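J.: Pasting the sequence and the predicted model now:
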Amino acid sequence: MATRGSNRSRLLWVSLLVTSLFIITLDLRGVSLLSSLRSGTQSVLAPVERLATRVFSPFGDFFSEVGNLGRSKEKIDKLEKENQELKSQIIFNENTLAQLESLKGVLDLAGKARYKTVSARVISKGGTGTFSETIVLDIGSNSGVRRDMTVIAASGLVGVVKSTTAASSIVLLMNDPSFRIGVRVAGKQDMGILLGQGDKSYSLQMLSARSAISVGDVLLARGSSGDRPFVPGVPVGRVSYVENTVGQLTKEGRVNGFVDLNSLSVVSVVLSAVAGDPGDALVPQAPRPAPTVTVFVTPSPSPEG
């Protein structure tokens, strides 16, 4: 039994020796068995690797795009927010400029007449249980505002204060159907009553049938005793229509108001008329007609000449 085991051991050592000599011989001849095996393995696996790349690459791209989509949405949301903020800032600037222009205009009007005024912002518009056309101002009795004071804008009359709190006032607009004001035709002494109609147009009733009024005439506030509720001289509107009917006891007409009551932002409450009646000093300038363009055509000399 020992002899058989010894023979197997010798045979194994001989096999290993021969294999080693074979590999060494191949290596000396420039043949690398390990490199060949490696190359063969790579050749076999290369198609599998390419297939795996084609199969799994779309999934990798998909998850990558999902991540990018989230970041893109964040950028879009951020840009939309910044765009909205810019729009809000532009609107705020435009509103501020409009209010400054309105304030400048009403102060110019009050300065010409030497009215003592206090300016206010319009914070709401609507009706009350008593009146259908009113606005609310952000000033009240703490600023010296009292009931029955005249309210003006840059172009003329707005209405009259009807009630106040410490920090707010309700103003009856001149287009309310209950509104009445005595008026005078600018440049004349003809008197009449202007009545609100609930819209941009007003009804005019002259006090005398002999009153001389024409389309285009400017009407001014006649003024009240003690300057309340109306101070004198405030521009009210321009006559747009005159009804000339034979036998009428009074003349009637229609008037377009100077102030757009639907776009009020800043107004002034007249506390007193310091210099009294300003007369016709506040009459607005009539719009200038467009200049006439004259074209001179010089005839060309005739070929025979």
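T.: Sure thing, it's come through. Numbers count the residues shown, from 1 in each chain.
J.: show me where pLDDT drops low in the protein?
T.: Applying pLDDT under 70 to the chain picks out residues 1-9, 13-14, 16-70, 87-95, 245-248, 286-305.
J.: ranges for the strands of it?
T.: Here the chain has its strands, by DSSP state E, at 115-126, 134-137, 150-153, 156-164, 169-173, 180-185, 191-195, 201-206, 218-221, 235-243, 252-257, 266-273.
J.: Compute the distance between the residue lying closest to residue 109 once chain neighbours are set aside and residue 80, please.
T.: In this structure, residue 109 finds its nearest non-sequential neighbour in residue 154, 6.0 Å apart by C-beta to C-beta, 6 or more residues apart in numbering. Backbone N, C-alpha and C define where each C-beta goes, glycine included. In this view, residue 154 and residue 80 are 38 Å apart by C-beta to C-beta, to the nearest Å.
J.: Next: residue 144.
T.: Distance from residue 144 to residue 80, by C-beta to C-beta: 47 Å.
J.: Of these two, which one has the most company?
T.: residue 144 (14 against 10; other C-beta atoms under 10 Å).
J.: correct me, but residue 176 touches residue 134?
T.: Yes - the pair residue 176 / residue 134 is scored as a contact, 7.4 Å apart, by C-beta atoms under 8 Å.
J.: which residues are in contact with both of those two?
T.: Jointly contacting residue 176 and residue 134 under the rule C-beta atoms under 8 Å, 6 or more residues apart in numbering are residue 159.
J.: Comparing those two, which shows the higher neighbour count?
T.: Using other C-beta under 10 Å as the criterion, residue 176 and residue 134 rank with residue 176 on top: 22 against 19.
J.: ok, now how distant is the residue lying closest to the more buried one once chain neighbours are set aside from residue 170?
T.: Ranked by C-beta to C-beta, 6+ apart and with sequence neighbours excluded, the top spatial neighbour of residue 176 is residue 133, at 3.9 Å. In this view, residue 133 and residue 170 are 11 Å apart by C-beta to C-beta.
J.: ditto for residue 284
T.: Note on residue 284: its distance to residue 170, by C-beta to C-beta, is 28 Å.
J.: Compare the two and say which one has the larger neighbour count.
T.: Remark: of residue 284 and residue 170, residue 170 carries more neighbours, 20 against 13, as counted by other C-beta under 10 Å.
J.: how close does residue 103 get to residue 213?
T.: According to C-beta to C-beta, residue 103 stands 33 Å off from residue 213.
J.: Tally up the residues packed near residue 210, please.
T.: Around residue 210 there are 9 other residues, counting by other C-beta under 10 Å.
J.: And the one 5 residues further on, by the same measure?
T.: Neighbouring residues of residue 215 were enumerated by other C-beta under 10 Å; the total is 11.
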